[in-house]
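When you get a sec, could you give me coordinates for this:
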Amino acid sequence: MRIEEYMLSLSVRTRSVETLRAYRQDLQRFQLFLHTNNLSIDQVRPSTIESYVAHLNTESQRLRGQALSPATIVRRLAVVSDYFDWTQQDSESFGLNPARIVRRPKVRNVGIRSVDDVTLEALLLSVSHRRDRAIILLFLYSGLRLSELRSLNRDTISARCVSLPDGSSDYFGEGEVTGKGNKRRSFRLGPPALAAIAIYMSEDREDDSNPALFLSERGERISARSIQRILSSACEAAGIPHIHPHQLRHSFATRAVNAGMSTPVLQELMGHSSLATTQRYFHMKAERVAREYHATMAFVRLTSPV
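Okay, the predicted model is just below:
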């Protein structure tokens, strides 16, 4: 397998160290499976992928001693599928992508939950349409509800240059929207979303005067159902489990929490009337728990005689 060549190509599409690491590991696992079964990459057929799925179903996680979850298996197949797509673009030595033909394990969604960064990266890598990319990034960097996002007008968001703690500066967006309970609230969005919207507006919306920020293919304000279909199609193209728009809102909250955002600030940004609703999002990563524990203990040692 030409893993390093593929990784070089992938690095042009994403700078996420975590995504690059995960993709390399998943491809190395698949390469080991082929080597164990005395197969070369050009011998891979749909039946080979099915055997690989069976292999993954029996594989145990080293630390937990549990079977791999369907979501993990689906993600690993998505990586293999993307590799074959890249190979087809790079040469004419392959026909149909064998990983696309194989049925993926079903993933049960237990309530609304956030989406991990690797899956989000795979989702965005599959989206080339400027409008669709702007919509997904807006969910991720604003925490807007589906109804709020579709109601935005092109003049709703204003850009402001903000000085950052490290001394640099960047442009952030801000605006007001009518939220749940017909209440007006402020929202903000990060630079990646603001940049994606700017590209969409400059490339696709120069010749119309429709006030809506996002338009359908018919030139009308985009519907909630259309946004759901956009996300569903993107998930299918990426080979990942279906993601609901509200999961992207949840992901915004979870990412903000793990970056250190306080409960009152998150409550304001999410438009929650109840603090208890906001606290549901505080499922912190072990890294943040450890970081805050160590910082607290260091303070205790400096201020306490015990």
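
Let me see the ranges of the helices in the protein.
3-13, 17-36, 46-58, 70-90, 98-101, 117-125, 130-142, 146-150, 191-204, 224-238, 245-258, 263-270, 275-279, 286-303 (DSSP state H).

quick one: which of these is nearest Val177?
helix 146-150 (4.7 Å; Cβ to Cβ). For glycine as for every other residue, the C-beta is placed from the backbone atoms N, C-alpha and C.

What is that closest one packed up against?
If contacts are counted by 3 or more Cβ pairs under 8 Å, 6 or more residues apart in numbering; DSSP states H and E, helix 146-150 sits against helix 130-142, helix 224-238, helix 245-258.

from the helices of the chain, which stretch is densest packed?
Using mean count of other Cβ atoms under 10 Å, the stretch among the helices of the chain with the largest mean neighbour count is helix 130-142, at a mean of 23.

pLDDT of it, averaged?
Throughout helix 130-142, pLDDT has a mean value of 95.

Return the member of the helices of the chain having the minimum mean pLDDT.
Mean pLDDT per stretch puts helix 275-279 lowest among those, at a mean of 67.

How much space separates the residue nearest in space to the middle of the chain from Phe172?
Geometric centre of the chain, nearest residue: Leu120, 1.7 Å, by Cα atoms, centre = their mean. Per Cβ to Cβ, to the nearest Å, Leu120 is found 20 Å from Phe172.

Tell me the spacing between the residue nearest to the centre of the chain and Arg75.
For Leu120, the distance to Arg75 - Cβ to Cβ - is 11 Å.

cool, Ser126 as well?
Ser126 sits 13 Å away from Arg75, going by Cβ to Cβ.

next one: Thr303
Taking Cβ to Cβ, one finds Thr303 at 45 Å from Arg75.

What of Arg255?
18 Å.

How about Leu27?
From Leu27 to Arg75 the distance is 12 Å (Cβ to Cβ).

now do Leu248
Distance of Leu248 to Arg75, computed by Cβ to Cβ: 17 Å.

Next: Ser151.
Taken as Cβ to Cβ, the span from Ser151 to Arg75 is 33 Å.

To what extent is Met261 buried, counted in neighbours?
When neighbours are counted by other Cβ atoms under 10 Å, Met261 registers 16.

mind checking pLDDT for it?
pLDDT at Met261 comes out at 81.

now Phe187
Looking at Phe187, the pLDDT reads 91.

which strand residues sit across from it in the sheet?
Under DSSP bridges, the beta-bridge partners of Phe187 are Gly175.

That one touches Leu269, doesn't it?
Yes - the pair Phe187 and Leu269 passes the contact test of Cβ atoms under 8 Å, sitting 6.6 Å apart.

Common neighbours of those two, please.
Shared contacts of Phe187 and Leu269 (Cβ atoms under 8 Å, 6 or more residues apart in numbering): Gly143.

For Gly219, give me its contacts.
Asp208, Asn210.

going forward, begin numbering at 21 instead of 1
Sure, I'll start numbering at 21, so the last one becomes Gly239.

Distance of it relative to Ala318?
Taking Cβ to Cβ, one finds Gly239 at 58 Å from Ala318.

and what of Arg180?
From Arg180 across to Ala318, the span is 36 Å (Cβ to Cβ).

again with Ala257
From Ala257 to Ala318 the distance is 47 Å (Cβ to Cβ).

Likewise for Tyr72?
For Tyr72 relative to Ala318 (Cβ to Cβ), the value is 47 Å.

same check, this time on Arg153
Relative to Ala318, and taking Cβ to Cβ, Arg153 is found at 42 Å.

ok, now Glu196?
41 Å.

so how far is Ala232 from Asn202?
Note on Asn202: its distance to Ala232, by Cβ to Cβ, is 19 Å.
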